[in-house]
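> okay, here's the prediction I keep looking at, along with the sequence it came from:
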Amino acid sequence: MTEPSDGLRWKTHGERTVYDNHWIRLNLVDVEPPDGSRFEHHVVRLHHVAVALLLNERDEVLTLWRYRFAVDQWGYELIGGLVEKGEDPVVTAAREAVEETGWRPIGEPEHIATFQPLPGMVDAPVNAYIWRKSEKVGEPTDGEEAARIEWIPIDRMLELIKRGEVLGSGAIVPLLFYLASRNAGSADLG
């Protein structure tokens with residue numbers, strides 16, 4: 001792997017907020033790429049998100065079937081939500097599992113990855129975790145999260161991804177990582 005060159009690093013001369021609310025912040029960043037030009041570049045800043053991939057003993061993954069109005073599409077997602085201020089992302093992922101599905105993860109999770117879905121213009125860190133055990137502890141406390149909560153065989157997920165029925169990188173990245181790791185015979189995902 002080639003070491004990064006400081007000569008290719010962009011310089012940031014300042015940043016100003018154009019729009020800000022609880023969900024999203026849009027900034028204009030005064031940048032200078034290596035060629036010496038200087039301009040303002042839009043950057044969308046979103047909250048930190050944590051995602052839980054829950055598997056059961058039958059190698060099924062717990063999914064949410066839901067509608068997303070921004071893309072006008074129904075599809076499968078994994079469990080996840082916004083990391084609250086001062087909260088560890090793994091705690092967020094476990095909390096969201098209970099709130100969204102009524103299933104509580106058991107034991108220590110495996111950290112899959114921390115990633116940025118669109119790093120060219122969007123700052124939206126995502127932490128993803130796998131739990132291989134969980135228990136049903138009740139009904140979801142947020143009835144608007146999903147039209148259906150469903151355990152789906154992990155082997156079927158690649159087909160659903162190919163058909164565009166799995167929504168968002170927060171679901172696709174962890175699922176593909178798990179499938180690739182499993183198929184490579186990797187016992188340790190961390």
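The structure has been received and is ready for your questions.

> what helix or strand is the residue of the chain most remote from its centre located in?
For the chain, the residue at maximal distance from the C-alpha centroid (CA atoms, centre = their mean) is G36, at 34.8 Å. Using DSSP states H and E, G36 maps to neither a helix nor a strand.

> which residues touch it?
Counting by CB atoms under 8 Å, 6 or more residues apart in numbering, G36 makes contact with nothing. For every residue, glycine as well, the C-beta is placed using N, CA and C.

> now do it against M121, distance only.
22 Å (CB to CB, to the nearest Å).

> chain center to the helix ranked longest in the chain: distance?
In the chain, with assignment by DSSP state H, the single longest helix is helix 169-183. Its chain's C-alpha centre and that of helix 169-183 lie 11 Å apart, by CA atoms, centre = their mean, to the nearest Å.

> check which helices and strands that helix sits against.
strand 49-54, strand 73-77, strand 110-115, strand 126-131, helix 154-162 (3 or more CB pairs under 8 Å, 6 or more residues apart in numbering; DSSP states H and E).

> what comes up buried for the last one?
In terms of neighbour count (16 or more other CB atoms under 10 Å), helix 154-162 has its buried residues at I154, M157, L160, I161.

> ok, the most centrally placed residue in the chain to N27 distance?
Nearest residue to the geometric centre of the chain (CA atoms, centre = their mean): G170, 2.8 Å. Distance of G170 to N27, given as CB to CB: 22 Å.

> check N21 too.
Counting by CB to CB - N21 and N27 are separated by 13 Å.

> those two: which is more packed in?
N27 (17 against 7; other CB atoms under 10 Å).

> show me what contacts I172?
I172 makes contact with I161, V166, according to CB under 8 Å, 6+ apart.
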